[in-house]
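>>> Below are the sequence and a predicted model for it; my questions follow.
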Amino acid sequence: MTGRAASLPPSGYSPPQTLFLDGDAPVVRVYPERGRSPRDFHFGRLGLSPVLTGELAAGFARATGPAGTRRTIPSAEGLFEKLRSFANLIRARPRQASCVGELRAGYVLELRLLGTREGLGVVHALRVVLRGVEGVPNEFRDALYTPVVAVRPRAAIEAYTEAEFRQIRRAARRIVRAAVTRIRVARAEADRYLSGDPRPGEACFREGTRAARLAYVAVHGGVPRRASGKVRYVSCSDLVSELHPLRNEAEAMAILIMCLTGLNASTVLGMSAEHSAATAPGELPALVTRGSKPRRGPLRSEMDLTLSAERRPMVDRDDYGSAHGVYEIALELGREARRYLDYPDLIVYHSFSYRLGTPRNLGYRTPAVGLFGPLEGFSDGEGMPQRVDSRRLRRTFLELHQRPVAQASATLASVYLVRDRTSLSTYQNVVAGALKGEVERIRAENLGLTLSEEDCHAARENPTRVADRFGVTEEILGKVLAGKLDTVGSACVDNEHSPYSEQGRPCTASFLLCLTCPCSRSEPRHVPVQALMLTELRRRNTEMTPAEWDRRFAAAAARLEDVLHLQRADVPAEAERASAEDARLVRALLENELEIP
């Protein structure tokens with residue numbers, strides 16, 4: 001058996017510690033399986049007893065560890081949020097459980113009685129966390145593992161309107177552009193100072209200029225702090241934010257990439273800064289990076305993402321109109337923050353308030369997957385900023401572009417497009433456009449199959465030219481004008497090659513179908529009988545059900561209206577000119593008396 005040897009850890013390797021104490025409260029550090037930045041989950045925030053908190057933290061560590069089932073940051077975050085909900089339920093009771101041995105079946109029954117996806121999600125989370133935990137009461141375990149009843153399906157997620165989509169894209173672009181301007185100005189100011197003093201100290205904050213303080217932050221990654229973690233100098237918190245993106249700016253970059261690619265939020269937020277240029281001479285700029293979509297399963301979750309520019313880059317001008325351009329911007333804005341992270345995440349930001357759990361507690365982190373914060377510039381009717389739903393954003397992109405993105409074509413059609421009610425008007429417009437085009441095509445065909453008075457006069461002088469335009473031989477044209485090929489409302493120029501009968505044999509279709517047959521030709525002599533036939537069809541429309549009339553006569557009536565319009569005929573007047581024989585034939589045709597049994 002041949003093949004490449006498996007990648008093994010170096011000699012002396014020991015797995016990293018995932019469960020440790022922060023003071024008296026347990027903290028679980030989750031290392032995602034793709035080798036990205038770890039994330040700490042502080043269980044002291046649950047507000048439960050120390051014993052129960054430790055037991056839940058130990059179960060969470062097993063579930064998110066190498067042998068667990070929650071091995072990505074988004075899945076770990078979802079599991080932790082479900083435990084938060086369970087902790088809220090426990091704290092709402094007069095007598096709170098202090099350990100897993102005091103858990104009662106009533107907790108589970110209360111969650112089941114909610115009848116919601118959220119309640120059943122907490123039940124599933126408890127199954128994952130408490131699996132293998134000793135001391136769980138039998139009644140609680142039995143209630144926990146009783147099969148759940150399917151809940152009512154959620155309302156379909158509707159796409160944004162095109163106007164909303166444009167508003168979101170403009171708002172995100174405006175935020176990113178402002179961040180680019182602010183950060184570049186601050187970095188240039190810090191770089192000018194560092195050219196003279198490459199290692200600024202704390203004296204910068206006591207007596208230095210703004211440029212000196214910015215230089216200190218650029219070198220050390222943060223501001224001077226006391227042992228307690230509080231800032232040592234007043235009014236210096238905003239300096240870090242001058243040099244790095246904020247959370248809302250990082251989210252705006254992710255939203256902008258989603259608007260341009262249609263990728264899931266988890267895939268965009270999980271993008272790596274590591275990439276390969278894929279541009280040949282003379283081609284538009286492009287790059288290839290790695291992406292992940294965990295819900296596709298362990299064998300299909302990893303994928304290559306190719307991002308290309310829409311046009312050639314302009315000097316000193318950023319490209320906000322392509323995913324390639326926004327990727328380059330995110331690469332630049334996160335360059336300094338990425339030095340303090342363990343892994344090269346593309347979209348990173350600095351949080352001055354939430355530093356705990358970040359590398360060296362400096363506050364550099366990646367946005368969490370879920371609902372983004374309110375987007376300034378995307379407002380509701382009252383002018384208040386709205387949150388952007390990444391699911392609706394993806395659905396909107398798929399509806400607008402009608403092509404699969406990291407999914408099968410069948411999934412695009414059956415899961416996204418068919419179930420979206422906002423697509424109905426769009427599809428109706430598409431169908432209306434197609435029908436309009438079909439009507440124009442049929443009218444053009446009718447024009448080629450209908451002789452006018454001018455054509456009849458021209459046929460006497462130059463029959464070859466008229467026959468060519470009419471699509472027949474001179475002999476057939478003469479027979480048409482002489483009335484030798486008449487059916488009821490037109491003439492048939494090829495009785496043995498009808499689309500409604502076997503080729504090479506005389507046509508046996510209804511004379512009503514002659515009006516829609518490519519072998520049919522019409523000339524002014526047919527106008528009276530055609531007008532009489534249309535009048536009779538309109539009269540029968542009031543005597544039959546609409547469905548039956550549509551089935552039997554709608555196509556013929558439409559063709560008659562079109563032909564008579566081309567002949568500029570006055571229908572009532574021309575119907576009066578029809579002979580008694582014409583009236584007999586029309587009546588027999590509409591009563592099915594001329595059909596071949």
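Looks like it came in fine. Numbering: from 1, shown residues only.

>>> Could you pull out the strands in the stretch 351-500 of the chain for me?
With strands called from DSSP state E, counting those that start in this stretch, the stretch 351-500 of the chain shows them at 364-365, 374-379, 385-387, 491-492.

>>> wait, which of those strands is closest to residue 143?
strand 385-387 (35.4 Å; C-beta to C-beta). From N, CA and C alone the C-beta is placed, and that goes for glycine too.

>>> partners of the closest one, with directions?
Strand pairing for strand 385-387, using DSSP bridges, gives strand 374-379 (antiparallel).

>>> Enumerate the positions of the strand it pairs with that are buried.
Neighbour counts over strand 374-379 (16 or more other C-beta atoms under 10 Å) mark 374-375, 377-378 as buried.

>>> likewise stretch 22-30?
26-30.

>>> what's the closest of those residues to residue 259?
Using C-beta to C-beta, residue 30 comes nearest to residue 259 of the buried residues of stretch 22-30, at 29.6 Å.

>>> how near is that closest one to residue 352?
Counting by C-beta to C-beta, to the nearest Å, the separation of residue 30 from residue 352 is 23 Å.

>>> same deal with residue 168?
Counting by C-beta to C-beta, the gap from residue 168 to residue 352 is 27 Å.

>>> Give me the more crowded residue out of these two.
Taking other C-beta atoms under 10 Å, residue 168 and residue 352 do not tie; residue 168 has more neighbours (25 against 17).

>>> Leaving out sequence neighbours, find the closest residue to that one.
Nearest residue to residue 168, sequence neighbours excluded (C-beta to C-beta, 6 or more residues apart in numbering): residue 378, at 5.1 Å.

>>> show me what contacts the one you found?
164, 167-168, 171, 385-386, 388 (C-beta atoms under 8 Å, 6 or more residues apart in numbering).

>>> how does it look with 6 Å?
Residue 378 makes contacts with 167-168, 171, 386, as judged by C-beta atoms under 6 Å, 6 or more residues apart in numbering.

>>> and what of residue 485?
Neighbouring residues of residue 485 by C-beta under 6 Å, 6+ apart: 479, 491-492.

>>> By neighbours, which of these wins?
residue 491 (25 neighbours).

>>> wait, isn't it in contact with residue 522?
No. Residue 491 is not in contact with residue 522 according to C-beta atoms under 6 Å; the separation is 7.3 Å.

>>> For residue 84, state which of the contacts of residue 378 is nearest.
Using C-beta to C-beta, the contacts of residue 378 come closest to residue 84 at residue 386, 24.6 Å.

>>> How many residues are close by the closest one?
Around residue 386 there are 17 residues (other C-beta under 10 Å).

>>> Can you point out the buried residues in the host helix or strand of residue 119?
For residue 119, the element it lies in under DSSP states H and E is helix 117-129. Within helix 117-129, the residues that count as buried by 16+ other C-beta under 10 Å are 119-123, 125-126, 128-129.

>>> domains for this protein, by residue range?
19-145, 172-243, 247-417, 448-590 (automatic domain parsing).

>>> For those domains, give me JSON lines that also has mean pLDDT.
Output for the domains of the chain, formatted as JSON lines (pLDDT from 0 to 100):
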{"stretch": "domain 19-145", "mean pLDDT": "87"}
{"stretch": "domain 172-243", "mean pLDDT": "82"}
{"stretch": "domain 247-417", "mean pLDDT": "80"}
{"stretch": "domain 448-590", "mean pLDDT": "80"}
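
>>> Turn these into JSON lines, including distance to residue 160.
Listed next are the domains of the chain as JSON lines, based on distance: least, C-beta to C-beta, whole Å:
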{"stretch": "domain 19-145", "distance to residue 160": "23"}
{"stretch": "domain 172-243", "distance to residue 160": "13"}
{"stretch": "domain 247-417", "distance to residue 160": "5"}
{"stretch": "domain 448-590", "distance to residue 160": "37"}
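
>>> which one of those domains lies closest to residue 10?
Using C-beta to C-beta, the nearest of these to residue 10 is domain 19-145, at 15.1 Å.

>>> At which residues are the helices of the stretch 251-400 of the chain located?
265-269, 323-333, 390-401 (DSSP state H, counting those that start in this stretch).

>>> residues making contact with the first one?
Contacts of helix 265-269 with the rest of the structure, by C-beta under 6 Å, 6+ apart, involve 74, 254, 257-258, 291, 293, 347, 367, 369, 390.

>>> in that helix, what counts as buried?
For helix 265-269, a neighbour-count test (16+ other C-beta under 10 Å) marks 265-269 as buried.

>>> Distance from the chain centre to that helix, please.
Helix 265-269 has its C-alpha centroid displaced from the chain centroid by 13 Å (C-alpha atoms, centre = their mean, to the nearest Å).

>>> Restrict that helix to CA atoms and write it as CSV.
Below are the C-alpha coordinates for helix 265-269, written out as CSV (Å, rounded to 0.1, in the frame of the first residue of the first chain):
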residue,chain,number,x,y,z
ALA,A,265,-21.6,34.4,7.0
SER,A,266,-19.6,31.5,8.6
THR,A,267,-17.6,31.0,5.4
VAL,A,268,-16.8,34.7,5.1
LEU,A,269,-15.9,35.2,8.7
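
>>> tell me the contacts of residue 225?
Contacts of residue 225 (C-beta under 6 Å, 6+ apart): 231-232.

>>> Can you tell me who it pairs with across the strands?
residue 231.

>>> Sitting in strands, which of the buried residues of stretch 22-30 do you find?
Members of those lying in strands (criterion: DSSP state E): 26-30.

>>> now these as a markdown table including distance to residue 184?
Listed next are these as a markdown table, based on distance: C-beta to C-beta, whole Å:
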| residue | distance to residue 184 |
| --- | --- |
| 26 | 42 |
| 27 | 37 |
| 28 | 38 |
| 29 | 34 |
| 30 | 34 |
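
>>> ok, back up a step: got a winner among the contacts of helix 265-269 for most neighbours?
residue 254 (28 neighbours).

>>> Starting from residue 326, give me the distance back to the residue lying closest to that one once chain neighbours are set aside.
Distances taken as C-beta to C-beta, 6+ apart put residue 268 closest to residue 254, at 4.9 Å, once the chain neighbours are dropped. Counting by C-beta to C-beta, the gap from residue 268 to residue 326 is 10 Å.

>>> between the two, what contacts are shared?
Counting by C-beta under 6 Å, 6+ apart, the residues touching both residue 268 and residue 326 are residue 257.

>>> re the thing from before, please convert the buried residues of strand 374-379 to a markdown table, extending it with distance to residue 247.
Converted to a markdown table, these look like this (distance: C-beta to C-beta, whole Å):
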| residue | distance to residue 247 |
| --- | --- |
| 374 | 11 |
| 375 | 12 |
| 377 | 16 |
| 378 | 16 |
